[in-house]
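In: Predicted model, plus sequence, below.
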Amino acid sequence: MNFFENELNQRLNALRGKNLFRELRRVDSPQSPRIQIGGQTFLNFSSNDYLGLANDPILKEGAIRAIKKFGAGAGASRLICGSLAPFHELEEALADFKQTEAALTFSTGYAAAIGTICALLSKDDIIILDKLVHASIVDAARLGGAKLRVFDHNDLNDLEKILKWTDKSAKAESGKRKAEILIVTESIFSMDGDDAPLREIAGLKNKYGAWLMVDEAHATGLFGKNRRGLAEELEVSGQIEIQMGTLGKALGASGGYICGSRALIDFLVNRARSFIFSTAPVPAAAAAATAGIRFVQSNQGKARCNSLWQRAKQFNSKFKIQNSKLQSTIIPILIGDENKAVEAAAKLREQNIFIPAIRFPTVARGAARLRVTLTAAHSAKDVSELIRALKTLDIGL
Ligand SMILES: *Cc1c(COP(=O)(O)O)cnc(C)c1O
């Protein structure tokens, strides 16, 4: 045992030495614009609860109703003990929201990525990722074992270069089954808040006969006329074979989803191991997510979304940080050095503002940043307070 503890302590000290050590901070309140940590109240600019739904009465009541009717736990995997009605209601609501034939939900977005990518590809296939895609997709690509290629962030020329190479390599190995090619990108990138050129990427995937999977974790509920996501805004939904996202961000609940054709969903039910070999989420989570989706589709949801964009405009009128044409709710304040980022976050906490210093391995080494997220639940006064506090920091704003 001693050797084990010693080894781990050495590894932890190495992290501390590089200012990469992380620890949990206990919060004694719901997620909302104000959170309580250690008896102190902080203005919270760190959560992905973009529409302020995580603590909304509509979602809570949905969850409570589901608990009363269906209990606390799901009993087993949905293929084993039967599939509780709240999951079906959720998947119908999702497919209706996203305008796809069908939908399947997983316990998390992470599990959705792993289950889907590993089910669709085998080692003779090729997976092509944007350099900045989320860890869940990177892990899925590695676990799935397909040939992995990475294109520079949002770089269409680099993507096409790789697609040309796959074309040749597919021909060279003629006689075998045709290798499938899957391109995966996010729509709004989680740590940079910028947007992918989905239309052009869809054009390339058509030209080279590839498949396209788009992770809308940070766009679902926020972009497009009906708030379905960036694919709706750019009118390319119909060209994306696999639409992925999470129920845990703007939708305010918990879980991951895949939307697409009936064939895709039937295939995943049969082949996605993170779906098959895992106990179904609690029915309360599904019911809360359903309430979140319905809220987003309502006029109230539209109004909530509009106030979020007003907050974003207010913030962006003061700083020129965004590297995107679109407004984003994610504002990366790049600092670079890990020590300086941790210091800046600590200084903000002294002013009762909670913003995490995002460091390796979430972003590249030397690309540490403060990641500010705005939500519809913040008031204009909250955002003014944030702007004031950021100006006190010596980080070149
Ligand atoms: C959060 C996130 C996920 C994972 O979703 P969870 O439901 O939190 O597991 C996947 N992709 C991106 C881009 C994310 O930001």
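Out: Everything's here; your move.
In: show me the contacts for the residue in the chain positioned nearest to the ligand.
Out: Taking C-beta to the nearest ligand atom, the ligand has its nearest neighbour within the chain at residue 109, 2.2 Å off. To be clear about C-beta, it is placed using only N, CA and C from the backbone, and glycine gets the same treatment. Listed by C-beta atoms under 8 Å, 6 or more residues apart in numbering, the contact partners of residue 109 are 136, 215, 217, 244-248, 255-257.
In: repeat that with 7 Å
Out: Neighbour list for residue 109: 136, 217, 245-246, 248, 256 [criterion: C-beta atoms under 7 Å, 6 or more residues apart in numbering].
In: Of these, which belong to strands?
Out: Of the positions in the contacts of residue 109, 245-246, 256 sit in strands, assigned by DSSP state E.
In: which of those residues come close to the ligand?
Out: For the ligand, the contacts drawn from those by C-beta under 6 Å from any ligand atom are 246, 256.
In: By neighbours, which of the ones in strands among the contacts of residue 109 wins?
Out: In terms of neighbours by other C-beta atoms under 10 Å, the ones in strands among the contacts of residue 109 top out with residue 245 at 30 neighbours.
In: ok, that one - contacts?
Out: 109, 215-217, 220, 257.
In: Neighbour-wise, give me the winner out of those residues.
Out: residue 220 (33 neighbours).
In: Pull the contacting residues for that one.
Out: Contact analysis of residue 220 by C-beta under 7 Å, 6+ apart lists 229, 245, 250-251.
In: for residue 254, same thing?
Out: 247-248, 281, 285 are the contacts of residue 254 under C-beta under 7 Å, 6+ apart.
In: for this structure, what spans make up the helices?
Out: In the chain, the helices defined using DSSP state H lie at 2-17, 57-70, 85-98, 109-120, 135-144, 156-172, 198-207, 230-233, 262-271, 273-276, 283-297, 299-316, 338-350, 380-391.
In: mean pLDDT lowest for which of those helices?
Out: Of all the helices of the chain, the minimum mean pLDDT falls on helix 156-172 (a mean of 86).
In: circling back: could you redo the contacts of residue 254 as a markdown table and give each row neighbour count?
Out: Output for these, formatted as a markdown table (neighbours: other C-beta atoms under 10 Å):
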| residue | neighbour count |
| --- | --- |
| 247 | 30 |
| 248 | 21 |
| 281 | 26 |
| 285 | 23 |
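In: Make CSV from the residues you listed and add distance to residue 265 to it.
Out: CSV is the format used below for those (distance: C-beta to C-beta, whole Å):
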residue, distance to residue 265
247, 16
248, 20
281, 17
285, 19
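In: hmm, which two among those residues are most spread apart?
Out: By the measure C-beta to C-beta, 248 and 281 form the most distant pair in the contacts of residue 254, at 10.8 Å.
In: which neighbours do those two share?
Out: With C-beta under 7 Å, 6+ apart, residue 248 and residue 281 have common neighbours 254-255.
In: Show me this structure divided up by domain.
Out: 26-50+299-390, 57-297 (automatic domain parsing).
In: does the shortest one come close to the ligand?
Out: In other words, domain 26-50+299-390. No - for domain 26-50+299-390 and the ligand, the contact criterion (C-beta under 6 Å from any ligand atom) is not met; the two come no nearer than 6.8 Å.
In: Please give me every residue in contact with the nearest residue to residue 359 once chain neighbours are set aside.
Out: What sits nearest to residue 359 in space, not counting adjacent residues and going by C-beta to C-beta, 6 or more residues apart in numbering, is residue 368, at 4.6 Å. Each residue near residue 368 by C-beta under 7 Å, 6+ apart is listed here: 335-338, 341, 357-359.
In: State the number of residues packed around residue 26.
Out: 7.
In: Alongside the ligand, which residues does the stretch 51-200 of the chain contribute?
Out: Proximity of the stretch 51-200 of the chain to the ligand, by C-beta under 6 Å from any ligand atom, involves residues 108-110, 134, 136, 186, 190.
In: Which of these sits closest to residue 92?
Out: Distances from residue 92 to these, taken as C-beta to C-beta, are shortest for residue 109 (19.7 Å).
In: Check the gap between the residue nearest to residue 359 and residue 346 for me.
Out: Distance of residue 368 to residue 346, given as C-beta to C-beta, to the nearest Å: 13 Å.
In: Over to residue 138?
Out: To residue 346, residue 138 is 30 Å away according to C-beta to C-beta.
In: from what I can see residue 351 touches residue 389, true?
Out: Yes - the pair residue 351 / residue 389 is scored as a contact, 4.8 Å apart, by C-beta atoms under 7 Å.
In: So for these two, which residue has more residues nearby?
Out: residue 389 (18 against 15).
In: I'd like the domains of the chain as TSV, with distance to residue 1 appended.
Out: Formatted as TSV, the domains of the chain follow (distance: least, C-beta to C-beta, whole Å):
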stretch	distance to residue 1
domain 26-50+299-390	28
domain 57-297	30
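In: deepest of these, which one?
Out: Each of the domains of the chain was scored by mean neighbour count; the highest is domain 57-297, a mean of 20, by mean count of other C-beta atoms under 10 Å.
In: Quick one: end-to-end length of that one, please.
Out: End-to-end distance of domain 57-297: 17 Å, with C-alpha to C-alpha, to the nearest Å as the criterion.
In: my guess is residue 335 contacts residue 343, does it?
Out: No - applying C-beta under 7 Å as the test, residue 335 and residue 343 come out as separate, 8.9 Å apart.
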